[in-house]
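**Q** give me a model of this one.
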Amino acid sequence: MTRNTDVPGTIAGYHKQVYMACLTLVELKNDNDSIGIECGADVRTFYEDGSKKSCEVKFYKDNFSKYSQEIMKTIYNFYINSNNDKELIFTTNVGNTDKEFFDGWKEGSLCNFEKKRYILHALIKLEETKDDKLKKKLENYNGKPVENMNNVIENLTVAILKHKSEKLEDYINNSHITLDKLLDFSNKLNFNFEDKDKETSIGEIKERIVNTLKTNFKDFTGQIEEKMYRVIMYKTAMLFYDSTITNSLQIYNDGEYKKYVKVSVKDLKEIIINYEKYIDRYSEDILLTRLIEVFDEKEVMNIKTILNNFKDDYEAYESLLKNSSLEINSTTIKYLFKEKNIKFISSAERDVKVERYKRYHQGLGLIGFLMDLDISSLNISKDKVRVTTFYNRQFTITNIDHYVFSKLSYYLKDKSVDNDEIYKYVIKGHFSFLEIIYSHGSGIIDVYKQERSLSLVDYVEFNGINNETYGKLQEISSNAKQNTLILYSGNARSIKLINALAYEIPEKQTVFIVAEDVQSKLSSEFGRSIVEINSLSGDFSEKFELLNEFTKNFDRKIYIIHNYEYFQIPQVENILSNTTAKGFIIPAKTSIKNITNITFEQVIEQLNLTNSYTKENIDHIIFLNRNKKLNEDASSRIIDFVKVISKT
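**A** Numbers count the residues shown, from 1 in each chain. Prediction:
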């Protein structure tokens, strides 16, 4: 009895597996030829005459050597599960470090002995991981301790195949593995090293699917619109996604996989002929494939992927609204979904799409799409948008008809809650828009997304903060009798640090948070008392007097105000200028530069505080700045630099 347990290890590999299945399907001709996923291989072709072809699809970051574990494992699985298939293909997006060997294999110049030895090497190596007795035997091969297992297995394969001084059965107790099958098996095996990143690899496969559809099925496709090829591709992909889930859960004593779900050429032709039936479901198919197409954060935040996904999503939006004379709002969009029988996994998923379509209707274009990604902020100008993720990765997308800046500006003007001549300001759901108008007439629009919950441990780990500083931050979070001043410089923002500090405040302590707008709100998961004040204009003095009176009965008071024009050290003094001021966490911008060996007293002196109570009421000072950190893969991310100085 066999059970299919080779469910892909990564979502990215799973995604490519499905599109490789689509590509292989459109290359077939006979109606009864079919493709199965998780039928003994990642992608397996079942021909009308009963023959089969197996393909394993792997996604990796680093190039393979010929003895890489994944290649060895694939060869072993092919040999055990697919030995009778007429073709066996190992394909991966990366390159290889043994180019001469694999080029020789591909071109047919590698001798039969080397090919047989290589297959036997893979079989012995995988058996060694399953059999403790074999492992111990190899570890003491020739009576010497093993330093390199691959060298030992190389010597053993030569001894077995060439010198006949060793017998295979003395090492491997598996009746499936015999020497007489090695050459025939090696002749069916091929390797494909693409040497491309994931996005390029999947993008090219999708292109090939569309082009092959046009060539191989021109009698069925006729003169259909270009977009319809993608409708057909997504619908076919959805069939494979459904089949994969089913097949991965099956337990059948069925070597021919007759009971497994497969997709045939006949099924594909039916989709092509009836493509018009699927146009109205195009939006749903894209949604589902996008949900499955979630790579890790780095992969999702790839410019090419973003623009491709935006294009597909916007076309689905246009298709939904085509020929509709209804006034566009939440109710009518939901109505159109229902009318066109577009279904969603949940009402929450539907509502996200409704809000995004409303943003498209308001003219936000790409900006409306980016707002649903894992972004922290957008900095938008006429020619480009700079994206910052929640994990502080940054990249820039050039505006090539992706959005109209003047429409964004008009949107802010129309919806503005503050008519100050310098600022236009709008709150929309979990987002805040702020447009700064310069004297020369051009503007910059910033979009901030409300911060989400972040523990102090996560914050410390992400930013590489040492244990001593971590201990001091824990004390600041827990002690309700002390006041902390966060001094930030440059483009640093204290919201993530404050979020992490607030996360650690004991539940028994009451907390009151003063936020200037949704940009500086803590996560809605935090569940503390919050008041918003508009810091874009006006005198704060009167507001602070009222707030100080109102907050005095709370254990902790947190101010999150980053408008430097209106919130500087004098405002901080207003807050801390009485003897009962306890439990405050307050950020303020600073021009103090050299902090390497600075003392607490020196900082107080440089702040030019005028009130003696203020000086006495500051217990901790946190210096906050932003640094660029190099990741292991040579990419970089922005991290917070934190230094804590406490009163002695």
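**Q** can you find the helix or strand in the chain with the smallest mean pLDDT?
**A** In the chain, no helix or strand scores lower on mean pLDDT, DSSP states H and E than strand 2-3, which sits at a mean of 30.
**Q** just checking, which helix or strand succeeds that one along the chain?
**A** The helix or strand immediately downstream of strand 2-3 is helix 11-26, counting by DSSP states H and E.
**Q** let's see whichever helix or strand comes after that following helix as PDB, backbone CA atoms only.
**A** The element immediately downstream of helix 11-26 (helix or strand, assigned by DSSP H and E) is strand 34-37. Output of strand 34-37 as PDB, limited to C-alpha atoms (Å, rounded to 0.1, in the frame of the first residue of the first chain):
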ATOM      1  CA  SER A  34      -3.700  13.300 -19.100                       C
ATOM      2  CA  ILE A  35      -1.600  14.900 -16.400                       C
ATOM      3  CA  GLY A  36      -1.700  14.100 -12.700                       C
ATOM      4  CA  ILE A  37      -0.100  15.900  -9.800                       C
END
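**Q** just checking, what packs against strand 34-37?
**A** Secondary-structure packing of strand 34-37 (3 or more Cβ pairs under 8 Å, 6 or more residues apart in numbering; DSSP states H and E): helix 11-26, strand 43-46, helix 226-248, strand 263-264. Backbone N, C-alpha and C define where each C-beta goes, glycine included.
**Q** mind giving me the domain ranges of this structure?
**A** Recorded structural domains for the chain (assignment: automatic domain parsing) are 2-211, 280-361, 369-449, 456-646.
**Q** wait, which of those domains is closest to Thr246?
**A** domain 2-211 (8.7 Å; Cβ to Cβ).
**Q** now the strands for the stretch 51-200 of the chain?
**A** 52-58, 87-92, 189-193 (DSSP state E, counting those that start in this stretch).
**Q** what distance separates the helix or strand where Asp351 lies from the centre of its chain?
**A** Assigned by DSSP H and E, Asp351 belongs to helix 347-361. Relative to the centre of its chain, helix 347-361 is centred 21 Å away, using Cα atoms, centre = their mean, to the nearest Å.
**Q** cool, and stretch 497-506?
**A** Mean C-alpha position of stretch 497-506 versus that of the full chain (Cα atoms, centre = their mean) differs by 26 Å.
**Q** what angle separates the helix or strand encompassing Phe337 from helix 347-361?
**A** Phe337 is part of helix 330-339 when elements are defined by DSSP H and E. Calculated by axes from the mean of the first three to the mean of the last three Cα atoms, to 10 degrees, helix 330-339 forms an angle of 120 degrees with helix 347-361.
**Q** next one: helix 330-339 to chain centre, how far?
**A** 30 Å.
**Q** before we move on, what about stretch 162-170?
**A** Distance, centroid of stretch 162-170 to centroid of chain: 50 Å (Cα atoms, centre = their mean).
**Q** first-to-last residue distance for that stretch?
**A** Stretch 162-170 has an end-to-end distance of 16 Å (criterion: Cα to Cα, to the nearest Å).
**Q** show the pLDDT at the nearest residue to Asn155 once chain neighbours are set aside.
**A** Distance criterion Cβ to Cβ, 6 or more residues apart in numbering; nearest residue to Asn155, sequence neighbours excluded, is Tyr141 at 7.2 Å. Model confidence at Tyr141, expressed as pLDDT, equals 76.
**Q** before we move on, what about the one 4 residues further on?
**A** Pro145 carries a pLDDT value of 64.
**Q** Val7 too?
**A** We have a pLDDT of 32 for Val7.
**Q** got the phi/psi numbers for the closest residue to Phe310 other than its chain neighbours?
**A** Counting by Cβ to Cβ, 6+ apart, Phe310 lies nearest to Phe369, which is 4.5 Å off, once chain neighbours are set aside. With angles defined as degrees, to the nearest 10, Phe369 sits at phi -70, psi -40.
**Q** low-confidence ranges in the stretch 501-648 of the chain?
**A** Along the stretch 501-648 of the chain, segments meeting pLDDT under 70 span 516-544, 562-566, 628-637.
**Q** what ranges do the strands span in it?
**A** With DSSP E, counting those that start in this stretch as the criterion, the stretch 501-648 of the chain has strands spanning 511-515, 529-532, 556-560, 584-589, 620-630, 636-646.
**Q** residues in contact with the fourth one?
**A** For strand 584-589, contacts defined as Cβ atoms under 8 Å, 6 or more residues apart in numbering pick out 476, 483-489, 494, 498, 501-502, 556-562, 564, 567-569, 571-572, 575-576, 624.
**Q** quick one, it and strand 511-515 angle?
**A** Using the same axes, to 10 degrees: strand 584-589 against strand 511-515 is 20 degrees.
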